[in-house]
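Colleague: give me a model of this one.
(one chain, ligands or ions: 1)
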Amino acid sequence: MECTTLESYDENGQMKMRPKKQFDTLDGAIAVAKIENAKPHHIHKVVAYKCKTCFKYHIGRNGKEIKEKDKKKLQQMFSDKLALEKKRKENPNFKVVGYIDLSTIRY
Ligand SMILES: [Zn+2]
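Modeller: The predicted model follows:
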């Protein structure tokens with residue numbers, strides 16, 4: 001079962017539908033909803049919900065606007081995560097906190 005959503009109207013006023021993205025888990029849908037809500041140009045809040053038709057999860061607008069405060073919080077969360085991933089990529093050994101410089105040790 002594939003659910004569709006209205007994408008736009010064509011030149012004849014016919015509805016153009018596109019398939020809705022399906023998620024197997026609520027967590028997966030929430031994760032994507034958070035990414036959407038963190039985007040700077042997104043005004044309307046996207047939420048995850050369970051579908052009564054396909055019994056999977058979709059994300060969609062709930063008609064409310066995202067509060068600036070909430071958007072900032074999400075963006076902060078993602079930038080922290082990205083910074084950490086970047087650090088890991090740049091320096092795969094970054095769990096090594098340091099090494100001992102033997103020349104400074106006197107016997
Ligand atoms: Zn559905």
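Colleague: CA only for contacts and neighbour counts going forward, please
Modeller: Fine.
Colleague: contacting residues around the residue nearest the centre of the chain?
Modeller: By CA atoms, centre = their mean, the mean C-alpha position of the chain lies nearest to residue 35, the distance being 2.4 Å. Applying CA atoms under 8 Å, 6 or more residues apart in numbering, we find residue 35 in contact with residue 74.
Colleague: kindly recompute the last result at 10 Å.
Modeller: Applying CA atoms under 10 Å, 6 or more residues apart in numbering to residue 35 gives the contacts 46, 71, 74, 75, 78.
Colleague: pLDDT below threshold where in this structure?
Modeller: For the chain, the stretches with pLDDT under 70 are 94-102, 104-107.
Colleague: near the ion, which residues of the chain?
Modeller: Within the chain, the positions lying close to the ion (CA under 5 Å from the ion) are 3, 51, 53, 54.
Colleague: compare the residues you listed and tell me which has the most neighbours.
Modeller: With neighbours taken as other CA atoms under 10 Å, the top of these is residue 3, carrying 15 neighbours.
Colleague: dihedrals phi and psi, it?
Modeller: Phi and psi for residue 3, reported as degrees, to the nearest 10, are phi -90, psi 150.
Colleague: re the thing from before, which two from the residues of the chain next to the ion end up farthest apart in space?
Modeller: 3 and 51 (8.9 Å; CA to CA).
Colleague: what touches both of the two?
Modeller: Common neighbours of residue 3 and residue 51 (CA under 10 Å, 6+ apart) are 22, 58.
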